[in-house]
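J.: give me coordinates for this.
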Amino acid sequence: MVEHTLRVIPEPAENTRVVFRQTTTKQPYFHRGSPEFFVCGNCRFALVLGLSFEEVDREIRSRFRTYSGEGIVIQCPDCKAFNELGADVG
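T.: Numbering: from 1, shown residues only. Down below sits the predicted model:
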């Protein structure tokens, strides 16, 4: 398994980034079969399981036509920190 720790950032200004938030569950946002996974930079909660950055980026592009690749922000459902999933993660 290849673990990537995401960078914690301040909450982005509204309508400037694609931000994923969970309101009722505490589970990874994406889950597939690859050995890569991404954890919260604050508490190490697993946010993405089984996808590479490129696969997550492709998934986001297919769902959000306005997404311009500026980095995905994932709010940790456990500690509420904002984590940036960008091409430089590694």
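J.: show me where the chain has strands.
T.: 2-5, 7-9, 18-20, 30-31, 36-39, 46-49, 72-75, 82-85 (DSSP state E).
J.: out of those strands, which gets nearest to residue 57?
T.: Nearest to residue 57 among the strands of the chain is strand 72-75; the distance by C-beta to C-beta comes to 7.3 Å. The way it works is simple: take the backbone N, C-alpha and C, and place the C-beta from them, glycine included.
J.: report all helices and strands that the closest one contacts.
T.: Using 3 or more C-beta pairs under 8 Å, 6 or more residues apart in numbering; DSSP states H and E, the elements in contact with strand 72-75 are strand 18-20, helix 53-63, strand 82-85.
J.: check what pLDDT the closest residue to residue 1 other than its chain neighbours gets.
T.: Using C-beta to C-beta, 6 or more residues apart in numbering and skipping residues adjacent in sequence, the residue nearest residue 1 is residue 35, 4.9 Å away. Per-residue pLDDT puts residue 35 at 75.
J.: if we can go back for a sec, and among the helices and strands packed on strand 72-75, the most buried is which?
T.: strand 82-85 (a mean of 22; mean count of other C-beta atoms under 10 Å).
J.: could you check how far stretch 45-65 is from the centre of its chain?
T.: In terms of C-alpha atoms, centre = their mean, to the nearest Å, the centre of stretch 45-65 is found 7 Å from the chain centre.
J.: wait, what's in contact with the residue nearest to the spatial centre of the chain?
T.: Among the residues of the chain, the one closest to the centroid is residue 74, at 4.1 Å (C-alpha atoms, centre = their mean). Residue 74 makes contact with 6, 19, 20, 29, 38, 47, 48, 82, 83, 85 under the criterion C-beta atoms under 8 Å, 6 or more residues apart in numbering.
J.: what's near enough to touch the last one?
T.: Residues near residue 85 by C-beta under 8 Å, 6+ apart: 6, 38, 47, 48, 53, 56, 71, 72, 73, 74.
J.: neighbour-wise, which one of those leads?
T.: Highest neighbour count within the contacts of residue 85: residue 48, with 28 neighbours (other C-beta atoms under 10 Å).
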